[in-house]
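Colleague: Next come a sequence and a model predicted from it.
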Amino acid sequence: MYQNKSDEGKQNYEKAHAADRRGEKAKSFRYYLKAAEAGIVPAMVACGNFFLEGEYTKQDISKAMYWFTKAAENGNLVATNNIGYIYETEENYTEAFNWYKKAAEMGDIVAMMNLAGFYEEGLGTRKSKKLAKQWRDKAESSTDLKSVKNLAVYYQDMGVIVKAVEFYQKAIQMGDTESFGDLGDLYFDIEDYEDAEKCYFDGAISGDFNSMLGLGIMLTYAPGCFDDAKNWLSRAADGGSTYALRMMGDLYFEYKKYPQALRWYRKAVIAGEFGAREEIPKVKKILQNSKPNYKLKLRRPS
């Protein structure tokens, strides 16, 4: 049956997205590229990010710019902002300012924050504390959930932890259960383990799989918490987390249950969590060295 390019592109985008969720980044890049070539705008943005970051493909700024420009021509605000970012890294502040301003005026929250920074520092435009505050206030006044989460990530990346926590908490108050896990990750990264555990627990009982994973990881290394760790890691794995499979291997290894650890590491590798590969030889060596030596004598019929 004939299949048009648009339908094929959508299918490749769905395959890319599914591979991305499983952590199979190299595979997701291949499908994103096929989808982008078929005209799928979000795939163009994804390809631009892959080429920009140089992960799972060779870094190529010109190709990143190509895909961001294609997406921006189709009205994508993320791509419009990212073009500004590329110009900023090249110290072409006038072009960076123009692209940030374009994206900000179209409603992109991150571009608003970038534009505020440019006005504050006088990059590519005249210095204006007043305009910087206006754009920052406009961004922070947003009641759109996606924008609130973008602000949390922006402040986290900038190292402004108090503000990042504020906007993650705002997203949670707006009913976003995924932000429990994101806030838990932030607390974990700054070694505030008590608040991390609380966020993960609240998120886990609310059904957020990333929170289940985070809680399971913490419980793996907490003495006497094998059953609870196993419960949350299993539920995270059922939710599609391949890293949870690897952590199940770590859990059994921590409790010296080496045959089960080996099985879970193998499951993780099969699912695409290739970091588990390096654990397999270690477990095999332990199992080999712990084999009982019966030294049986062969009985012969008399």
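Modeller: Yep, that arrived.
Colleague: Hmm, residue 197 is touching residue 211, no?
Modeller: No: counting by CB atoms under 8 Å, residue 197 stays clear of residue 211, with 10.3 Å between them. C-betas here are computed from N, CA, C, even on glycine.
Colleague: who touches both of those two?
Modeller: By the contact definition CB atoms under 8 Å, 6 or more residues apart in numbering, residue 197 and residue 211 are jointly contacted by residue 184.
Colleague: Am I right that residue 148 is in contact with residue 172?
Modeller: No: applying CB under 8 Å as the test, residue 148 and residue 172 come out as separate, 9.8 Å apart.
Colleague: higher neighbour count, the two?
Modeller: Taking other CB atoms under 10 Å, residue 148 and residue 172 do not tie; residue 148 has more neighbours (24 against 21).
Colleague: if we can go back for a sec, just want to know which of residue 197 and residue 211 has more residues nearby.
Modeller: More neighbours surround residue 211 than the other of residue 197 and residue 211, with 28 against 18 (other CB under 10 Å).
Colleague: helix or strand for the residue lying closest to that one once chain neighbours are set aside, which one?
Modeller: Distances taken as CB to CB, 6 or more residues apart in numbering put residue 203 closest to residue 211, at 2.7 Å, once the chain neighbours are dropped. Using DSSP states H and E, the element containing residue 203 is helix 193-205.
Colleague: Can you classify residue 207 by secondary structure?
Modeller: coil (DSSP: H, G, I helix; E, B strand; the rest coil).
Colleague: And for it, the neighbour number?
Modeller: For residue 207, the count of nearby residues is 13 (other CB under 10 Å).
Colleague: Could you pull up the contacting residues of it?
Modeller: By CB under 8 Å, 6+ apart, residue 207 lies in contact with residue 177.
Colleague: what's the pLDDT at it?
Modeller: The confidence metric pLDDT takes the value 96 at residue 207.
Colleague: can you check residue 293 too?
Modeller: Residue 293 is given a pLDDT of 56.
Colleague: Residue 275 now?
Modeller: 86.
Colleague: what residues are up against the residue lying closest to residue 210 once chain neighbours are set aside?
Modeller: Ranked by CB to CB, 6+ apart and with sequence neighbours excluded, the top spatial neighbour of residue 210 is residue 181, at 3.3 Å. Contacts for residue 181 (CB under 8 Å, 6+ apart) come out as 199-200, 203, 208-211, 213-214.
Colleague: ok, now residue 266?
Modeller: Contact analysis of residue 266 by CB under 8 Å, 6+ apart lists 276, 280.
Colleague: For the host helix or strand of it, the averaged confidence score.
Modeller: Element membership for residue 266 (DSSP H and E) is helix 258-270. The average pLDDT within helix 258-270 is 95.
Colleague: Quick check: residue 12 touching residue 31?
Modeller: Yes: contact criterion CB under 8 Å: residue 12 and residue 31 qualify, at 4.8 Å.
Colleague: after the helix holding residue 203 comes which helix or strand?
Modeller: That would be, after helix 193-205 and using DSSP H and E, helix 209-220.
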